[in-house]
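Q: I need the structure of the sequence given here:
(one chain, ligands or ions: 3)
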Amino acid sequence: MNTSMQKKILLLGSGELGKEFVIAAQRIGQTVIAVDSYAGAPAMQVADGFEVINMLDGAALDTIVAKHNPDFIVPEIEAIRTERFYDYEKQGIKVVPSAKAANFTMNRKAIRDLAAKDLGLRTANYRYATSGEELAKAVAEVGIPCVVKPLMSSSGKGQSTIKSEEDIEKAWKYAVEGSRGDVVEVIVEAFVKFNSEITLLTVTQNNNPTLFCAPIGHRQERGDYQESWQPANVTDKDIAEAQDMARKVTEALGGAGIFGVEFFLTDEGVYFSELSPRPHDTGMVTLAGTQNFNEFELHLRAILSLPIAEIILEKAGASAVILASENSDNPTFTGVEAIAALPKTDFRLFGKPTSRPYRRMGVALVSDEVGTPIEGIVEKAKAAAALVTVNK
Ligand SMILES: Nc1ncnc2c1ncn2[C@@H]1O[C@H](COP(=O)(O)OP(=O)(O)OP(=O)(O)O)[C@@H](O)[C@H]1O
Ligand SMILES: NCC(=O)N[C@@H]1O[C@H](COP(=O)([O-])[O-])[C@@H](O)[C@H]1O
Ligand SMILES: [Mg+2]
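A: Ligands and ions are numbered 1, 2, ... in the order given. As a prediction, this is how the structure comes out:
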């Protein structure tokens, strides 16, 4: 029997999250083939091999799965022909965290219906629409203000808030343009007036109990995260409620790996929003050394069925994004010396070969002793990120 710990991992999606995952995997001798729709993607720069394909093309996926015959398939983005995953699972390949988890979260409808209808979790009131007319009817039902999102999108792409009836047509067009898959359908959610929002990193394991990280707070603009911090200030009651919901939804999806479960905290209690069956962008704060294992190391350990004795909060920390402002085929950075000179501060530049307005190109990371007021750490991270400029 081959008891080699060295496994072959096919990573589907090769952005900044994938890059850190590959680095974690390389450190313990794993082999990773990184896949994305363009060459030179961040994770490809550190992987053993790479493939450039359209991951929504099932035949193209089949070809590379057959070519590499991996032990594990690790999805890193949502827009993948995830229906194929059920077959790969039948062939004996481990899909992470499970074919069902990747397939259900690719489409907001599947995961929202599972959470709200099957599991009875508290969510914003919602409807679906497949045309501008249906959207107008849906908006009338959920009420204004409301949020419109393509069923297949992430990082806020195609998302807008309807504040009056005049916004409906614009919201429909914007959602169709921002949709990533081939599905022309949107979800309309009642706007939740939350006090704050959190990501609860939840680690499901093959032979051990589910573990939770300290909650991560974050602030979003245009549906995309700007700063995140850990630990977030959350009452014990809200934590218990969020953990209970995270446990229910991750159990229903199955498999082993890290999940980023997103919640809104309101005066009426905790609302489930959505989840990533993989490391979460707001979880990049763990790269500041806030925990004994960062979110990428936790994902890897769970996948390989390596025991995780405990997750310890070792530092308080914050991350702030470094965004591009223009299109460029050769982006460069200024201010790197300035950020490097700051105490208790670190940074990542992802090495994305091109830039576009608002594309995330790097992240600033600040940490301090547990108990240090988190607001001050977030301000430091924002100031650090602001030192770095992406030039075209
Ligand atoms: N119903 C809602 N009420 C209030 N705010 C909302 C609602 N839905 C989304 N938002 C805001 O927009 C942000 C992004 O929404 P959501 O997480 O659904 O988008 P996404 O495109 O899946 O983003 P990502 O892939 O980065 O997680 C939320 O974190 C929240 O700040
Ligand atoms: N919220 C999801 C998320 O943060 N995903 C991360 O962004 C990359 C895409 O970036 P790009 O659009 O700049 O190529 C993805 O590959 C993943 O690492
Ligand atoms: Mg989200």
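Q: Contacts only, for the closest residue to ligand 1 within the stretch 151-300 of the chain.
A: Closest to ligand 1 within the stretch 151-300 of the chain is Ser154: 3.2 Å, counting by C-beta to the nearest ligand atom. Where you see a C-beta, it was placed from the backbone N, CA and C, and this is true even at glycine. Contact criterion C-beta atoms under 8 Å, 6 or more residues apart in numbering gives 77-79, 180 as the residues in contact with Ser154.
Q: Once you drop chain neighbours, what's closest to Lys19?
A: Of all residues not flanking Lys19 in the chain, Pro42 sits nearest, at 4.0 Å (C-beta to C-beta, 6 or more residues apart in numbering).
Q: ok, now which ones touch that neighbour?
A: Contacts for Pro42 were tallied using C-beta under 8 Å, 6+ apart; they are 14-16, 18-19, 350-352.
Q: let's go with 6 Å and repeat that
A: Counting by C-beta atoms under 6 Å, 6 or more residues apart in numbering, Pro42 touches 15-16, 19, 350-351.
Q: Let me see the backbone angles for it.
A: When read as degrees, to the nearest 10, the backbone of Pro42 gives phi -50, psi -50.
Q: how would you label the residue of the stretch 151-300 of the chain closest to ligand 1: helix, strand or coil?
A: For Ser154, the secondary structure call by DSSP: H, G, I helix; E, B strand; the rest coil comes out as coil.
Q: so what's Glu241 up against?
A: Contacts of Glu241 by C-beta under 6 Å, 6+ apart are Val270.
Q: got the CA positions of whichever helix or strand Asp113 is part of in PDB?
A: Applying DSSP states H and E as the criterion places Asp113 in helix 108-113. What follows is the C-alpha trace of helix 108-113 in PDB, where atoms were taken according to Å, rounded to 0.1, in the frame of the first residue of the first chain:
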ATOM      1  CA  ARG A 108     -26.800  31.500  -5.000                       C
ATOM      2  CA  LYS A 109     -30.200  29.900  -5.500                       C
ATOM      3  CA  ALA A 110     -29.000  26.400  -4.500                       C
ATOM      4  CA  ILE A 111     -27.300  27.500  -1.300                       C
ATOM      5  CA  ARG A 112     -30.000  30.100  -0.300                       C
ATOM      6  CA  ASP A 113     -32.800  27.600  -0.700                       C
END
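Q: nearest spatial neighbour of the closest residue to ligand 2 within the stretch 151-300 of the chain, skipping sequence neighbours?
A: Evaluated by C-beta to the nearest ligand atom, the stretch 151-300 of the chain has Asp281 as its residue closest to ligand 2, separated by 3.4 Å. By the measure of C-beta to C-beta, 6+ apart, the closest residue to Asp281 outside its immediate chain neighbours is Tyr225, 5.5 Å from it.
Q: wouldn't the one you found be in contact with Arg219 here?
A: No. With contacts counted by C-beta atoms under 6 Å, Tyr225 stays clear of Arg219, the gap being 7.2 Å.
Q: which one of those two has more residues nearby?
A: When Tyr225 is set against Arg219 and neighbours are counted by other C-beta atoms under 10 Å, the residue ahead is Tyr225, at 24 against 15.
Q: Bridged to that one, which residues?
A: Gln220 (DSSP bridges).
Q: show me the contacts for it.
A: 218, 281-282.
Q: hang on, the earlier thing: which of the contacts of Ser154 lies closest to ligand 2?
A: Using C-beta to the nearest ligand atom, Ile77 is the member of those that sits closest to ligand 2, with 4.9 Å.
Q: How many neighbouring residues does that closest one have?
A: Number of residues near Ile77 (other C-beta under 10 Å) recorded here: 21.
Q: go on, Arg27?
A: Each residue near Arg27 was counted by other C-beta under 10 Å, and the total is 10.
Q: which residues of the stretch 201-350 of the chain fall in strands?
A: Along the stretch 201-350 of the chain, counting by DSSP state E, counting those that start in this stretch, strands occupy 211-212, 216-221, 224-230, 257-266, 269-276, 316-323, 332-334, 345-349.
Q: confidence score at Thr290?
A: At Thr290, the predicted lDDT confidence score is 98.
Q: Also Asn207?
A: Asn207 carries a pLDDT score of 88 in this model.
Q: Skip the chain neighbours and tell me the closest residue to it.
A: By the measure of C-beta to C-beta, 6+ apart, the closest residue to Asn207 outside its immediate chain neighbours is Ser305, 6.4 Å from it.
Q: quick one: that neighbour and Gln205 touch, right?
A: No. Between Ser305 and Gln205 there is no contact under C-beta under 6 Å: 7.4 Å.
Q: Against ligand 2, which of the contacts of Pro42 make the cut? List them.
A: Restricting the contacts of Pro42 to those near ligand 2 by C-beta under 6 Å from any ligand atom leaves 15-16.
Q: so of the contacts of Pro42, which ones are in helices?
A: Applying DSSP state H to these, the entries found in helices are 16, 19.
Q: for the contacts of Pro42, which one is nearest ligand 2?
A: Ligand 2 has its nearest neighbour among those in Gly15, at 2.2 Å by C-beta to the nearest ligand atom.
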